[in-house]
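Student: Give me the fold of what follows.
(4 chains)
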Amino acid sequence: MIVTTTWFLLLAAALFSIGVAGVLIRRNALVMFMSIELMLNAVNLTFVAVSRELGLIEGQVAALFVMVVAATEVTVGLAIVVAVFRTRASANVDELAEMKG
Amino acid sequence: MAETIVFIIFAAVALVGAVWMVMAPNPVHSAIGLLAVMFSIAVHYVILDAHLIAAVQVIIYAGAVMTLFVFVIMLIGVDTADAYGPQVPIQRAMTAAVAAGFFAAIALAGRVVWITGSAAFGRPNLSGTVEAVADELFGTWMVVFLSTIMLLTIAAMGTIALAYFHEDSTEDEASA
Amino acid sequence: MTDLLWLVIALPLLGAVVNLFFGKRLGEPVAGGLSVGVVVASWAIAVPATLSFVTGSGQVETIYLFSWIPVVGADAAILWDPLSAVMTMIVTGVGALIHIYSLGYMRGDERYPRFFAFLNLFIASMMILVLSANFAMMFVGWELVGLSSYLLISFWFTKPEAAAAGKKAFIVNRIGDWGFLVALMIIFATFGTFDFGTIFTTAPGILTVGAATAITLLLFVGAAGKSAQIPLYIWLPDAMEGPTPVSALIHAATMVTAGVFMIARAAVLFELAPVSGAVIAVVGTLTALVAALIAVSQTDIKKVLAYSTISQLGFMVLAVGVGAYTAGVFHLATHAFFKALLFLGAGSVIHAMAGEQDMRKMGGLRKMMPVTFITMAIGWLAISGIFPFAGFWSKDEILAATFAKGGAFIVLWAVGLFVALLTAFYMTRMFVMTFLGRPRWDGGTHPHESPATMTVPLIVLGFFSVSAGLVNTPARLAFEHFLEPSFVGVPHIKGLTLGLIVTLAVVSLVVALAGVTWGWLAYRRDELPAEDGAFWRRSLEAFAVDDFYGRVIVAPGKRVSTWAAETMDPRVIDGAAHGVARGVLRFGSVLGKLQTGQVRGYAGGMAVAGVILIFVFLAVGGGF
Amino acid sequence: MGNAALLPVAFEVILIAGALLVLMVAVIADRRRSVWAPIAGVAYLAAAAAGILQWRAVAESGGDLYFSTPDIVIVRSPMVVMDGFSAFAAILLGLLGFVALLGSWDLVVRLGKRSAEFVALGLLAVAGLHMMAATPNLIVIFIGLETASISFYILAGFIRGSRASDESALKYFLLGSLASAMFLYGIALTFAATGSLTIYGANSIRDFFSVAIITEPGILLAGLALMLAGLFFKVSAAPFHQWAPDVYQGAPSAAVGLMAAGIKVAAFAALARIFIGGFISQIDAWAPIIGVVAALSMVVGTTMALVQTDLKRLLAYSGVAHSGYLLATFVGGVEGVPPMWFYVSTYAFMVVGAFTIVSVVNGPAAHAAPISSFKGLAKRSPEMGWLLAIIMFGLSGMPFFAGFVGKVFAFVVAGEAGFLWLVVIGTLATVVGLAFYLKVVATIFAPDESGEGLEASTSARIAIAISATVTVVFGIVPWPLLEVVRDALPI
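Tutor: Numbers count the residues shown, from 1 in each chain, chains lettered A, B, ... in the order given. Here you go, the predicted model:
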């Protein structure tokens, strides 16, 4: 049994789906946010696997750039969480429903 | 064969870690689950001959990003109460259905042929060495590489703008 | 010379925009000066291009500006011919004088720059209307003119009458615009284009008499709205609630002539529909008569002039109705001068009397206001049709053309002659009551001559009121030749020999003199005549036309709508409309329930939608 | 390389330089006066001017220009494209940024020293937005999208200590990141299907489609679906729209104009670049789906706007409906791009104007803008009242206003492509939509007892006036703009 690229892609799809589930089910903004990071990791795995299969280095470069973007997102996202925590003393997203309709 | 075993082990670790992250009531445990996923993915990168990406994955994600997460969890306190309490009764079932549906959609789409891209574009014996990636990164992608200056500036400014508090200025802005 | 003509539209527009946004900052002198400057510049740009027609070097030109809606033949383009040249000279020339006059008249008004912005907007709109080379652009100008007129009438919107008058003008004009719009639709359906050139050259070939009648009658409905003809004239007297310069510019000299201009522009179409011509001539004559009968009894100086304007517009419409387009445009031009003069003179008087408009409280102003007195005298003689003032020539030409048409038109001629008599009478009445006789104002009022910004325009307009008629004497038809390129394919009036013209001229001069004498004898006394009796009362209340409309149209309309509201609506229309509305709102509230404000709910919606999207894609694209 | 070689990236370079300059001046300068803000204005105008230069260069050379670092290695795939499409986007975004800056001036003044970050974030966001329109590379589109989005997350939460502002930022951030992840996954799957990340040039997606016929299109279709989902979120098309009203309401009014208008311009540009530039051969697969989403957006946006009592939420829902009208142009393929440009450029200015008025009436940092607070606006400030009325007319699609022309051309394109049902739904939605726009207009002109005057700063007035002028001028004289956008195709 040889590991084919398809295995990696299926694994990535599974991780991405679990990430989606995490966003939908968790109340804690931080864990929701971790789930999004998980999704980005899954995408990166897809990029690198495809890159390998097709012999295209672009896939790896793309993964690098995604990491840069993800790092920025983390910094800003955590800052937002901290700011929310300052005004509400909680990171529970269910309490963030003052605006609706 | 060895590759296969390594893949299976770390795929399992990644999946368990991911599920653990989603299910663990304590955010710190979630963070540990995510850490496990990230390490396993780094291993997969090595299997895929993407050495540089593997290294960066460990340094940036497992190192910097996870540290930040844990730091913020500690800063705002560990809140374990009703970690994934449902808003509506069947929320858990619905979430599972959506996630399964998503996976099914991708799996169905890829059923037989996951990669249809023309191999003619590719270069043989691809290896993600530092040199190969650097050639590409500082050649074709140079402009894009430079453009990430924006992202870094934004990250710095965002942190200052949002999380750096002057108690004196808060009042009148909020009331403005 | 014609390259710069687009500036004639663009400059006033620029003035309007600048004054609207920066006027307050610029301050009164700069804002006003800018406003006057752009109109004078427009006039100056148009002068050489107009003169080229006089010297014979000019040609009818269509100047393409930019493409607007090319598929329907509606590009932004200027049609430059003698007719638009005349209108341009009147609008920018008289407009410039009235702008100058307003500098003094509006001084100290809180919204001074705003007023000038609106005035400039009006000039720009009017120029779009006049210079357009197709019906679509003309309609844009037509609507913009209506808008600026509305803004100016209700300029002093804190006065309830002014706001109401603005609204009335707007609504009545909408009725006319409706006719215009339907006419445009038929024109487009028939010709497949809005372009004047194409329509007018192909019309004789493809337009049946029936279609031509329908189009022209509908166009006339539009013209009746703008040019205040029966039955749509009721807005014009109320429009006098606006500032006096506005009355002079819009409701005497320019905007109200738009209908006449439009008929003249589409002369080719009207020539194809003799029935429409007759209808228009009759409506014009009746309007002239009714308005004159109302004018004789009015005591408000501006009301006299307003009804006199309607009456004179009736003359113009009569002219275009009998096919005497040149005469109509000629009267339009002379009227623009002397009526603007009279209005501005009246404004000067009102200014001097500190806002008093009732002529019974005037009298004896001759000494205090010599310039106004002399110029008003010129205007009075001109409108009365006294030789050799401008009104004599143009009115006489209309009457002669009507007479020459023969048959039943002789009746219209006779009525027109009677209206001329009335005109001479009521203008004499107004003039004498205002300037001559014993002062009837109370001691508190100190009438004085107006400042130079107001009197200079009076003098200039006075000059033209004397001389403008001389360009088209029966002996030397300069104006008619000048306008010829605009009326290619329109037959000349036949049967007008010089002898007949002179005879008719003498008749109308005698009538005019009789009117003046009658008025002079009746009012040049120390005591004003009683003006009592059934006729005077009816006339003073304008034959209760407004009331009549109120009872005949508005009230039954209200009754019908009440009935509809009480019986029809709840059962049928309401049922349907409310059903739909309730359905929509219920749908909205169901969707609103989904809008919980919960992040997880939103994320769930997105994820579900994403999954569905993938499946749909696979289904549509054959991915399964 | 020379100066000419820098032209394709001039827009971004100017804005980044502007942002850095702003930050540096803010460190040195007196904190009382926002001397750095004019720098941003100059940068926006200079960037727009660079866009004009790009436009002229494209017109002269007549073809596409690819930009990379040609001296180092053989360029396999271009990273920056300079064509009529990107040049038009540059001009539009530069001017839009400028007008939005004028509109947010009151907030800039109030923020004091912090305004340096506010202004610099705006500059970087606009640079990111333009990257989305000026690159043929999907990853670069993603980077541009994230650059802009992350800036907007921060701007949404910029008011410290305001619960509404924080809530808005966190909602926008979590949902936006989710959408970005989906978009990115779409790119990865497309990469797997076509073996390329670029739309034009050597080894591009278009190359791939010209030589290969995919017999198993599953992964490609899934990739397209996910990319669409991500972009649908950014333009707030139903059912990816729910974030918009909450986020718009909570964010400071003065910043919402740029957020709402900018992301629409760029996301629609990216949508056109990807789907019409790259995947036009797959139009039979995606056009009906975009059509359905367009119809759904029109219906949902219009219905929800009807029941709103807050002007910011109303504008957000009207934005959903407008996304629907804009998406309708896409079913026409490349024919739909000029109408799309016309619509989105006029709409963008209207939105900025509308939110500027909101910030004038209710304060630039406020989060609530109840429609009742606009009662009697025409009396309190006739100027503001009329301008808001004009913008409302423009948004509603009244004849003689720009919205009407845009809608007509959008419907014509959709109709010609055979989507008559979409035209019917669009017309119905427009008619129903009149109700809520006119409700706002009626409120503006309703009598108001309080009758306090309303003072607007000069810069806000200029921003609103520009917006209203665009609405009126391109409503009466649309053709000049239509002539320009005819050359702004993503080919």
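Student: Please make it C-alpha for all contacts and neighbour counts, starting now.
Tutor: Will do.
Student: so does the longest helix along chain A get close to chain B?
Tutor: Longest helix in chain A, counting residues (DSSP state H): helix A:58-88. Yes: judged by Cα under 8 Å from any Cα of the partner chain, helix A:58-88 comes into contact with chain B through A:58, A:60-61, A:63-64, A:67-69, A:71-76, A:78-80, A:82-83, A:85.
Student: Could you pick out the residues of the stretch 201-350 of chain D near chain A for me?
Tutor: D:245-246, D:249-250, D:308.
Student: now with 7 Å?
Tutor: D:D246 (Cα under 7 Å from any Cα of the partner chain).
Student: do the same with chain C
Tutor: Close to chain A, as judged by Cα under 7 Å from any Cα, chain C has residues C:592, C:595-600, C:603-604.
Student: by contact count, what packs against the longest helix of chain A?
Tutor: helix A:29-54, helix B:142-163, helix D:163-194 (3 or more Cα pairs under 7 Å, 6 or more residues apart in numbering or on different chains; DSSP states H and E).
Student: one more time with 8 Å, if that's ok
Tutor: helix A:29-54, helix B:51-56, helix B:66-76, helix B:130-137, helix B:142-163, helix D:138-156, helix D:163-194 (3 or more Cα pairs under 8 Å, 6 or more residues apart in numbering or on different chains; DSSP states H and E).
Student: neighbour-wise, which of the residues of chain C next to chain A leads?
Tutor: Ranked by the number of neighbours (other Cα atoms under 10 Å in any protein chain shown), those place C:V599 first, at 28 neighbours.
Student: which residue sits closest to that one in space, ignoring its chain neighbours?
Tutor: Residue nearest to C:V599 in three dimensions, not counting chain neighbours: D:K171, with 6.1 Å by Cα to Cα, 6 or more residues apart in numbering or on different chains.
Student: do the same with D:Q308
Tutor: Nearest one to D:Q308, counting by Cα to Cα, 6+ apart, is D:L314 at 5.6 Å.
Student: After the one helix or strand the one you found maps to, which helix or strand is next? Please name it.
Tutor: For D:L314, the host element (DSSP states H and E) is helix D:311-330. Counting by DSSP H and E, the next helix or strand C-terminal to helix D:311-330 is helix D:337-362.
Student: right, is that following helix up against chain C?
Tutor: No: if you take Cα under 8 Å from any Cα as the test, helix D:337-362 misses chain C, and the best it gets is 14.6 Å.
Student: Check what pLDDT the residue nearest to C:V599 gets.
Tutor: Looking at D:K171, its pLDDT is 93.
Student: Could you do B:T80 as well?
Tutor: Per the predicted model, pLDDT is 55 at B:T80.
Student: ok so, going back, for chain B, see how far away the residue nearest to D:Q308 is.
Tutor: 22 Å (Cα to the nearest Cα, to the nearest Å).
Student: Check the gap between that residue and D:A368 for me.
Tutor: Distance of D:L314 to D:A368, computed by Cα to Cα, to the nearest Å: 12 Å.
Student: and if you look at D:T430?
Tutor: 26 Å.
Student: Over to D:L175?
Tutor: 22 Å.
Student: can you check D:A435 too?
Tutor: 22 Å.
Student: between these two, who's got more neighbours?
Tutor: Legend: neighbour count by other Cα under 10 Å for D:A435 and D:A368, higher for D:A368 (23 against 15).
Student: Tell me who's in contact with that one.
Tutor: D:249-250, D:310, D:312, D:362 (Cα atoms under 8 Å, 6 or more residues apart in numbering or on different chains).
Student: what's the answer for C:G379, then?
Tutor: Neighbours of C:G379 in contact, by Cα under 8 Å, 6+ apart: C:338-339, C:341-342, C:462, C:465.
Student: Following the chain past the helix or strand it falls within, name the next helix or strand.
Tutor: Using DSSP H and E, C:G379 sits in helix C:370-384. Of the helices and strands lying after helix C:370-384 in sequence (DSSP H and E), the nearest is helix C:390-405.
Student: and stretch A:32-50, does that touch chain C?
Tutor: No: Stretch A:32-50 lies out of reach of chain C by Cα under 8 Å from any Cα, never closer than 9.3 Å.
Student: Can you give the distance from that stretch to the centre of its chain?
Tutor: The gap between where stretch A:32-50 is centred and where its chain is centred comes out at 5 Å by Cα atoms, centre = their mean, to the nearest Å.
Student: Restricting to C-alpha, output that stretch in CSV.
Tutor: What follows is stretch A:32-50, C-alpha atoms only, in CSV (Å, rounded to 0.1, in the frame of the first residue of the first chain):
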residue,chain,number,x,y,z
MET,A,32,-13.9,29.1,17.2
PHE,A,33,-10.8,31.0,16.1
MET,A,34,-8.6,27.9,16.6
SER,A,35,-11.0,26.0,14.4
ILE,A,36,-10.5,28.6,11.7
GLU,A,37,-6.7,28.1,12.1
LEU,A,38,-7.3,24.4,11.7
MET,A,39,-9.1,25.0,8.4
LEU,A,40,-6.2,27.1,7.1
ASN,A,41,-3.9,24.3,8.0
ALA,A,42,-6.0,21.8,6.1
VAL,A,43,-5.8,24.1,3.1
ASN,A,44,-2.1,24.3,3.4
LEU,A,45,-1.8,20.5,3.4
THR,A,46,-3.9,20.5,0.2
PHE,A,47,-1.6,23.0,-1.4
VAL,A,48,1.6,21.1,-0.5
ALA,A,49,0.2,17.7,-1.5
VAL,A,50,-1.0,19.0,-4.9
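Student: anything in that stretch sitting right up against chain B?
Tutor: Yes: counting by Cα under 8 Å from any Cα, contacts between stretch A:32-50 and chain B involve A:34-35, A:38, A:41, A:45, A:48-50.
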